[in-house]
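1. With the input below, show me the fold.
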Amino acid sequence: MGLLCTSFTIIPSRQTVNSHTVSVTPDLYTGSSYTTAEADAATALYNDIDLQQYGLSKEAFDHAWKGYQHLVKKKMVSRSNYLTICDFSQSSKRKRLYVIDIDNRKLITNTYVAHGKNSGAEYANNFSNKPESLQSSLGFYITANTYTGKHGLSLRINGVDPGYNDKALMRTIVIHGADYVNESRVVNGGYMGRSWGCPAVPKKEATDIITTIKNGTCLFIYHPGKNYLLGSKILNG
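-> Reported below is the predicted structural model:
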C-alpha cells in the first residue's frame, strides 16, 4: 500500500471554478437522513487529517462523506475503511486525488488524476454518462475487481449514481495508470493529459492505489455544479 505521495455547516451557495461562478447546494440535510452526528464526524475527520492543507475543500469532503454514509447504510460498501475522492473542481495541475484511510484517520495517497478528453483542458467542466462521450462522469462509485489490460493493472468501478455514472461499466470506465499523468508535465508548465473518461493516475503509483481500494470501497468524483449536487439520488435521497 502506498504511503502519502508528496512530489459545519456549508454556508456559501456559489463558488468560482475556472473563472466561472457555479451554483452549489448550500444544505446537506435537504431531503435526506444525514444526521448532525455524521456531519460532526465529517468535520472532526477533515480537521484531524488537515485535508485543507492538501487542497481538498471542506465542501467537497462533506459531500463525499454524506454519500459514503448513505452507501454504508445501504450495505453497498463492503470495505468501508477507505474513501477515495477525486476533486474535479481543481486544476489537473494539482494533486486532486485523495485516498483516505478512515480507520486510521490519515491520508495515504494524494496524487494527480486525469479527466476525460471532452470534459475540458486544464479544468474539467463537462460531464456525461453517455458511451463514447469521452467525458468523465460525476458521482459515487463502488470499486470492483481488477484485470490486466492495455494499461496494465486496472480497476473496474461500478457507478451507482443513477443517471450520472451508472453506465460506467458499459463504458469501461476504470482506474488505470497512464504515462500522460505525471508531475513532469506540471514542472514543464503543462497540465495532465486527458483520458477517454477514466480517472487515470500516475503509472508508477497505479498498482498501490488499485491494490488498496479494490473490491468494494467508495469512490466519489466531485464537481461543484448544481446539476449533479441537486440531482443525485445519493446526495438527496
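2. where does the helix or strand harbouring residue 47 sit relative to the chain's centre, distance-wise?
-> Assigned by DSSP states H and E, residue 47 belongs to helix 36-49. Taking Cα atoms, centre = their mean, to the nearest Å, one finds helix 36-49 lying 18 Å from the centre of the chain it belongs to.
3. Repeat that for stretch 85-97.
-> Shown here is stretch 85-97, whose average C-alpha point lies 8 Å from the average C-alpha point of the whole chain (Cα atoms, centre = their mean).
4. so how far does it reach from one end to the other?
-> Separation of the first and last residues of stretch 85-97 by Cα to Cα, to the nearest Å is 6 Å.
5. Kindly format the C-alpha coordinates of whichever strand or helix holds residue 184 as PDB.
-> Taking DSSP H and E as the definition, residue 184 sits inside helix 183-187. Included here for helix 183-187 are C-alpha records, laid out as PDB according to Å, rounded to 0.1, in the frame of the first residue of the first chain:
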ATOM      1  CA  GLU A 183       4.500  15.600 -12.200                       C
ATOM      2  CA  SER A 184       6.900  16.400 -15.000                       C
ATOM      3  CA  ARG A 185       4.100  17.800 -17.100                       C
ATOM      4  CA  VAL A 186       3.500  20.400 -14.300                       C
ATOM      5  CA  VAL A 187       7.200  21.200 -13.900                       C
END
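6. helix or strand right after it?
-> Counting by DSSP H and E, what follows helix 183-187 is strand 201-202.
7. From the contact counts, what lies against that following strand?
-> Strand 201-202 makes packing contacts with strand 174-178 when contacts are defined by 3 or more Cβ pairs under 8 Å, 6 or more residues apart in numbering; DSSP states H and E. Bear in mind the C-beta positions are built from the backbone N, C-alpha and C, glycine included.
8. So what touches the strand it packs on?
-> 114, 143, 149, 151-157, 193, 195, 198-207, 209-210, 213, 219 (Cβ atoms under 8 Å, 6 or more residues apart in numbering).
9. Can you tell me the SS state at the one residue sitting closest to the centre of the chain?
-> Centre of the chain computed as the mean C-alpha position; nearest residue by Cα atoms, centre = their mean is residue 86, 2.4 Å away. Under DSSP: H, G, I helix; E, B strand; the rest coil, the three-state class of residue 86 is strand.
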